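1. sequence and predicted structure are below.
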Amino acid sequence: QVQLLESGGGLAQAGGSLRLSCAASGRIVSSFPMGWFRQAPGKEREFVAAISRSGGTTSYADSVKGRFTISRDNAEDRAYLQMNSLKPEDTAVYSCAAASQTNWAFVRRPSNYNYWGQGTQVTVSS
């Protein structure tokens, strides 16, 4: 079984930066595509970014493109989300996810992922 644990959330001012980390334990996830999703109060969970097994291919939501960067360290079984130029609308609970069976065409869909972390709160003040 795979366990995912996020860290690095917190409070930031608009225009600031935070770096989220997702640590995996259990089965080795270096062969799994991984994604980051977020959910704000009263809103649906939304896709933020995804990264392929090798890290060579990434996908971003239009709302974060150019500001956020997803990366991974397969030797450490970790994934990261570097968030720059933060905006108040980025406030949400951010969760990492791993997909043991994937079709890259569907990486933006939460249903594509079968392992999820508990999430970490990110709050951006104006």
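-> Noted; the coordinates are in hand.
2. alpha carbons only for contacts and neighbour counts from here, please
-> Noted.
3. does the residue positioned nearest the centre of the chain lie in a helix or a strand, and which?
-> Central residue of the chain (CA atoms, centre = their mean): residue 36, 2.0 Å from the mean position. For residue 36, the host element (DSSP states H and E) is strand 34-39.
4. who does that strand pair up with?
-> strand 46-51 (antiparallel), strand 92-98 (antiparallel) (DSSP bridges).
5. need the contact list for the closest residue to residue 77 other than its chain neighbours.
-> If the residues on either side of it in the chain are set aside, residue 77 comes closest to residue 24, at 5.5 Å by CA to CA, 6 or more residues apart in numbering. Applying CA atoms under 8 Å, 6 or more residues apart in numbering to residue 24 gives the contacts 2-5, 77-78.
6. got the CA positions of the helix or strand hosting residue 24 in PDB?
-> Here residue 24 sits within strand 18-26, counting by DSSP H and E. Extracted as PDB, the C-alpha positions of strand 18-26 are listed here (Å, rounded to 0.1, in the frame of the first residue of the first chain):
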ATOM      1  CA  LEU A  18       5.800  28.300  -0.900                       C
ATOM      2  CA  ARG A  19       7.200  24.900  -1.700                       C
ATOM      3  CA  LEU A  20       5.000  21.900  -1.100                       C
ATOM      4  CA  SER A  21       6.500  18.400  -0.600                       C
ATOM      5  CA  CYS A  22       4.900  15.000  -1.000                       C
ATOM      6  CA  ALA A  23       6.700  12.100   0.600                       C
ATOM      7  CA  ALA A  24       5.700   8.600  -0.400                       C
ATOM      8  CA  SER A  25       6.100   5.400   1.600                       C
ATOM      9  CA  GLY A  26       5.100   1.800   1.100                       C
END
